[in-house]
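> have a look; sequence and predicted model below, questions after that.
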Amino acid sequence: MATPPPPNYEHTLSVNKDDLQYFANTEIGGLLDDLNQNPGYNVMQRYAGMLDGGGNSLLVGNKLFFADSIVLDFKNLATGLATDLGTLKSQMRQAQVKIQLTLTIMDEAHEEAMTAAEMMEVLTKVSTAAPPPKTS
């Protein structure tokens, strides 16, 4: 099997509005929805005290287990995981907002941009215009 060629860095990368909207609304939105609806994540949040319901015992086999050190260690683990996942959610929400801002800026720039024909017309007028009269 042949090795793929190296990337071509001579082209311009472009991102269109549809790609950004899809990524912000569908991809990031779906990730956040999945995380919010994930039962394991919700259990971690409850056990960490971040959601109502709490957790103060572990089920080992078919018996509740109340060994304080193990329960505390698990609570610390749950708190760390829930905190890290909460940070991820926050960062994803910020990414959504920034992408939406980018889309707004793109819309405004598109509305204000000249077409190539308009630009050529301006350049033609400038290049064929008579120089201004000299003032002494």
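Nice, I can see it.

> what residue is smack in the middle of the protein?
A95 (3.2 Å; CA atoms, centre = their mean).

> show me the contacts for that one.
A24, I28 (CB atoms under 8 Å, 6 or more residues apart in numbering). (C-beta placed from N, C-alpha, C; glycine too.)

> host element of it?
Assigned by DSSP states H and E, A95 falls within helix 68-112.

> how far away is D84 from T26?
24 Å (CB to CB, to the nearest Å).

> hang on, I meant R93
15 Å.

> now E108
24 Å.

> and what of A116?
A116 is 32 Å from T26, by CB to CB.

> roughly how far apart are the nearest residue in space to L81 that is not next to it in sequence and T87?
Excluding the flanking residues, the one nearest L81 by CB to CB, 6 or more residues apart in numbering is M44, at 5.1 Å. Distance, M44 to T87, by CB to CB: 13 Å.

> higher neighbour count, these two?
In this view M44 and T87 are compared by other CB atoms under 10 Å, and M44 has more residues nearby, 25 against 10.

> sec struct for that one, please.
helix (DSSP: H, G, I helix; E, B strand; the rest coil).

> go on, G49?
coil.

> before we move on, what about E10?
coil.

> quick one: low-confidence residue ranges for the protein.
By pLDDT under 70, the weakly predicted segments of the chain are 1-5, 7-9, 11-15, 53-68, 114, 129, 131-132, 135-136.

> let's see it at 80
1-16, 47, 49, 51-72, 106, 108-120, 122-123, 125-136 (pLDDT under 80).

> list the contacts of the host helix or strand of D33.
According to DSSP H and E, D33 maps onto helix 29-37. Helix 29-37 is contacted by residues Y41, L85, L88, K89, M92, R93, Q96 when judged by CB under 8 Å, 6+ apart.
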